[in-house]
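**Student:** I would like to see how this sequence folds:
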Amino acid sequence: MAFRTNCTTKGCRKDNEPYLNPLTMEVHCSECDAPIANIPIFTKNLMKSQGQVRKAAKVAFSVRCVKCKVEALPKISDTDKLVCVGCGSPLNVSKIYENQVRTIIKSGGHQDL
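**Tutor:** Below you'll find the predicted structure:
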């Protein structure tokens, strides 16, 4: 049985089955997507073990950062390097893959098949 609670956001306050963001360990309302306050760590661990977490959407040409563990399409810095969108640290990717990623970023993140 899934964990249920009321949203703590003033405009929502609906009964829902919230989800856990496993990277930030924050619980979010499934109705309004706002963070829910005062959820104990025991409940968060229970939600994580039961799989009541938001699954990350897979993005083509995403790169996983070794520092902050964010997996997303990188951005191009002012110094023309590929950097993480989460922490801004430079990413180490092969030259061929880097050229493909740059093409996708310049096209607005869309890939023509």
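
**Student:** Can you show me the strands along the protein?
**Tutor:** For the chain, strands defined by DSSP state E occupy the ranges 5-6, 15-16, 19-21, 26-28, 63-64, 71-72, 75-76, 82-83.

**Student:** comparing these, which gets the lowest mean pLDDT score?
**Tutor:** Lowest mean pLDDT within the strands of the chain: strand 71-72, at a mean of 84.

**Student:** Mind listing the strands that one pairs with, and their directions?
**Tutor:** Based on DSSP bridges, the strands next to strand 71-72 in the sheet, each with its direction, are strand 63-64 (antiparallel).

**Student:** Which residues does the helix or strand of the chain with the lowest mean pLDDT contact?
**Tutor:** Lowest mean confidence among the helices and strands of the chain (mean pLDDT, DSSP states H and E): strand 71-72, at a mean of 84. With contacts defined as C-beta atoms under 8 Å, 6 or more residues apart in numbering, strand 71-72 is touched by 56, 59, 62-65, 84-86. Every residue, glycine included, has its C-beta placed from N, CA and C.

**Student:** Just the buried residues of those.
**Tutor:** Neighbour counting by 16 or more other C-beta atoms under 10 Å classes 62-63, 65, 84 among those as buried.

**Student:** Outline the domain layout of this protein.
**Tutor:** Split into domains by automatic domain parsing, the chain comes to 5-50, 63-106.

**Student:** Contact partners for S89?
**Tutor:** S89 makes contact with 65, 67-68, 83 under the criterion C-beta under 8 Å, 6+ apart.

**Student:** Kindly recompute the last result at 7 Å.
**Tutor:** Contact criterion C-beta atoms under 7 Å, 6 or more residues apart in numbering gives 65, 67, 83 as the residues in contact with S89.

**Student:** Any stretches of this protein with poor pLDDT?
**Tutor:** Regions of the chain meeting the criterion pLDDT under 70 cover residues 1, 56-57, 109-113.
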